[in-house]
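Participant: Here you go, sequence then predicted model.
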Amino acid sequence: MTEIPAKPVLLTGASGALGRQLARKLGAAGWTLVLTDIVPFPDPVPAGSRFVRADLNDGPTVLRLAEGCGMILHFGGVSTEQPFEAILGPNIRGLFHIYEAARREKARVLFASSNHSIGFHERETKLDDDCQFMPDGYYGLSKAYGELMGRMYWFKHGVENVNVRIGSSFPEPAEARMLATWLSYDDLVRLCVRATLAPKVGSCVIWGASNNSRTFWGHDSREALDWLPEDSADGHAGRVGNITSGDPVIERYQGGGYTAIDYSRAEAPPAPLFGKK
Ligand code: 15L
């Protein structure tokens, strides 16, 4: 990882688990980062970078933070299933502020989307990047809306964006589902590097998973980014392959546990109306 972007990079959600990985590794590679989060940054700020505590709801502050930046790695906002009102500000209004800032700065956006934007697809269905959104809660719905916001800003204003449908990015896979959905931290960092440095990305979708043979996902725009995952969950199958929930809803759908949160259907839902096999 030697190439350094010409302009500073704004990283939102810098104090979260993924933000901290990115701050540490991109900072160590010599990138100039503007780090921001609503909570304090718990680590030493990398040399040449700075941290500013801010709320994504605050549009003028987001505009100021993005000044002079050529790339926004947007990991901020609510990252789990929450009531609608808790998600609305950070994930919808906050993302609007990010896109307005990108438009003004002519910056590119990497949007940390999620598999929960398509979580109600069945696990047997292999999905390509043009599959239908099937959000599995208010969080997944905000990610689907966020991807569509990126598409609008690309077509209307030429703001490039990479929408990464992150599977499960943790130090290691923790259960059987993650043998399909796991994204190693190193693959995530390499993906962010390529999304920043690739000459042209348009508005595209990437499945955020490592090279897992049990993957639920197929075609995406990784070629345009020149990114290929190097890690794999496969070696963890012996350890976690038997760890399942026993819940028929959770085990049926790609979104796993999120699909069952506040699930109120009495009967099993019908087969999906669409989706590629
Ligand atoms: C996500 O989007 C969450 O941020 C993360 O905490 C995990 O739940 C992950 O999805 C997953 O689906 O494993």
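Facilitator: Yes, it's here. Numbers count the residues shown, from 1 in each chain.

Participant: Only the buried residues of stretch 63-81, if you could.
Facilitator: Taking 16 or more other CB atoms under 10 Å as the neighbour-count basis, stretch 63-81 is seen to contain the buried residues 65-66, 69-79, 81. Heads up, the C-betas are built off the backbone N, CA and C, glycines and all.

Participant: nope, stretch 56-64 is what I meant
Facilitator: By neighbour count with 16+ other CB under 10 Å, stretch 56-64 contains the buried residues 56, 59, 61-62.

Participant: Okay, helices next: where are they in the protein?
Facilitator: Under the criterion DSSP state H, helices of the chain are mapped to 17-28, 59-66, 84-87, 94-105, 138-157, 178-181, 185-197, 222-225, 237-240, 248-252, 257-260.

Participant: So which residues on the stretch 151-277 of the chain come close to the ligand?
Facilitator: Contact residues, the stretch 151-277 of the chain versus the ligand (CB under 6 Å from any ligand atom): 166, 168, 181, 256.

Participant: With pLDDT, neighbour count and distance to His236 as new columns, can those residues be given to me in CSV?
Facilitator: Formatted as CSV, the entries for these read as follows, by pLDDT from 0 to 100; neighbours: other CB atoms under 10 Å; distance: CB to CB, whole Å:
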residue, pLDDT, neighbour count, distance to His236
Ile166, 99, 22, 18
Ser168, 99, 21, 12
Thr181, 99, 28, 12
Gly256, 98, 27, 16
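
Participant: Out of these, which is nearest to Arg190?
Facilitator: Using CB to CB, Ile166 is the member of those that sits closest to Arg190, with 13.8 Å.

Participant: residues in contact with the closest one?
Facilitator: By CB atoms under 8 Å, 6 or more residues apart in numbering, the residues touching Ile166 are 18, 112-115, 183, 188, 208.

Participant: and it, bridged to which residues?
Facilitator: With DSSP bridges applied, the residues forming beta bridges to Ile166 are Ser114, Gly208.

Participant: possible to save the contacts of Ile166 as TSV with pLDDT and neighbour count?
Facilitator: Supplementary listing: the contacts of Ile166 in TSV, determined by pLDDT from 0 to 100; neighbours: other CB atoms under 10 Å:
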residue	pLDDT	neighbour count
Leu18	99	22
Ala112	99	27
Ser113	99	24
Ser114	99	29
Asn115	99	28
Leu183	99	27
Leu188	99	24
Gly208	99	25
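
Participant: With respect to Arg123, which of those is nearest?
Facilitator: Closest to Arg123 out of the contacts of Ile166 is Asn115 (11.3 Å), distances taken as CB to CB.

Participant: what sits against the closest residue to Leu56 other than its chain neighbours?
Facilitator: Spatial nearest neighbour of Leu56, excluding adjacent residues (CB to CB, 6 or more residues apart in numbering): Gly94 at 2.9 Å. The contact partners of Gly94, taken as CB under 8 Å, 6+ apart, are 56-57, 62, 76-77.

Participant: Read off the pLDDT value for Gly94.
Facilitator: The score at Gly94 is 98. That number is its pLDDT.

Participant: Roughly how far does it sit from Gly76?
Facilitator: Computed as CB to CB, to the nearest Å, the Gly94 to Gly76 distance reads 6 Å.
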